Structures are given as structure tokens and as C-alpha cells.
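Colleague: just coords:
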């Protein structure tokens, strides 16, 4: 259970904002945290779990060329995922995550790297990258979920 999820739901309700999520490395954990809260249906519009590159392209409209050029774990793809979630939903705000939870990674894309995107109606998407390091798959996913929720909360306040 996330301590931030109830705050996100309350803030979104207070402002009448619908939320969408686009998740890769978390596999739906952000959506699950939000929908764990009673009454979340008033503000949670939908979630996309786009684990594969094909799903990112087919469900969110992320250009295959963007994935080929920058890699799935990039701010460019996170931005396109957030924008795609906004465009393919009735939400006013969308958060996206794509990363390497581990184990594994490479010299250029290390384990624990997660890229975040945040899109709001009428504004260009924003992106961030967090380097959690090789702290284990579960912890990377946990920190990713919490950071994504904090991005939504900050944006709706």
C-alpha cells in the first residue's frame, strides 16, 4: 500500500482531474496503488501496461523510430508514452514510466535507471530520469511507483 495514493486521489478529486498511467517496468503497480483507494473511480480513468516495444507503439502511439533511436528506456520514450496515454484517454494528466528494474542492464543503460514522463492537457510533457542503482528489482519498482505518484501529486496540487 502506498501512503501517497490516497493523497493523489484526494487532490485529483478536489480539482476534478482524471488520471491515466502508462507503465512499463512497473507492470501496473501505479494503477494498482491508485485503484486500491476506495472512490478512485471518480478520478482514475485508465492504465496502460506497455511492457513490450510493440505495445508502446500500438497502444500509445510511441513512434517505433523513437524507440529505435533512443531505446525504450529514455526520456524521449517516456515523454511519448505520457503524451500517448493522454491522447488515448479522457484524462487530464498522465504519468509514464519506463526503466530497467533488473537484474541486468548495460554500461549505457544500467540497472535501476527509470525514465518518467508527465503530460497534462494543454502543456508539453515533462521528463525526468532517476538512477536507483542495483538495489534489486522489487525496490526499483517500489521507488518508481512512489516517485510517479509524487509527480502526479505535485502536478495536481
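Modeller: Looks like it came in fine. The structure displayed is predicted, hence computed values, not measured ones. Numbers count the residues shown, from 1 in each chain.
Colleague: Ramachandran coordinates for the residue of the chain positioned farthest from its centre?
Modeller: Among the C-alpha atoms of the chain, the one most distant from their mean position (CA atoms, centre = their mean) is that of residue 107, at 23.8 Å. Residue 107 has phi and psi values of phi -60, psi -40 when expressed as degrees, to the nearest 10.
Colleague: how about the helices of the protein, start to end?
Modeller: Assigned by DSSP state H, the helices in the chain fall at 4-15, 29-35, 53-60, 64-70, 75-87, 137-156.
Colleague: Pull out the buried positions in the last one.
Modeller: Neighbour-count burial for helix 137-156, counted by 16 or more other CB atoms under 10 Å, picks out 137, 140-153, 155-156. To be clear about C-beta, it is placed using only N, CA and C from the backbone, and glycine gets the same treatment.
Colleague: Indicate which one of the helices of the chain is closest to residue 95.
Modeller: Taking CB to CB as the criterion, helix 137-156 is the member of these that comes nearest to residue 95, at 4.9 Å.
Colleague: quick one: that closest one to helix 75-87, angle?
Modeller: 60 degrees (axes from the mean of the first three to the mean of the last three CA atoms, to 10 degrees).
Colleague: Who are the packing partners of helix 137-156?
Modeller: The elements that helix 137-156 packs onto, with contact taken as 3 or more CB pairs under 8 Å, 6 or more residues apart in numbering; DSSP states H and E, are helix 4-15, helix 29-35, strand 93-99, strand 113-120, strand 126-131.
Colleague: right, so the helices of the chain: which one is the most enclosed?
Modeller: With neighbours defined as mean count of other CB atoms under 10 Å, the helices of the chain peak in mean count at helix 75-87, which reaches a mean of 25.
Colleague: Next, work out how far apart the residue nearest to the spatial centre of the chain and residue 107 are.
Modeller: Among the residues of the chain, residue 96 comes closest to the average C-alpha position under CA atoms, centre = their mean, at 2.3 Å. Look at residue 96 and residue 107: by CB to CB, to the nearest Å, they are 25 Å apart.
Colleague: Name whatever forms a beta bridge with the residue nearest to the centre of the chain.
Modeller: Here residue 96 shows beta-bridge partners residue 22, residue 117, assigned using DSSP bridges.
Colleague: any idea how far residue 127 is from the residue farthest from the centre of the chain?
Modeller: Note on residue 107: its distance to residue 127, by CB to CB, is 22 Å.
Colleague: All good on my end, thank you.
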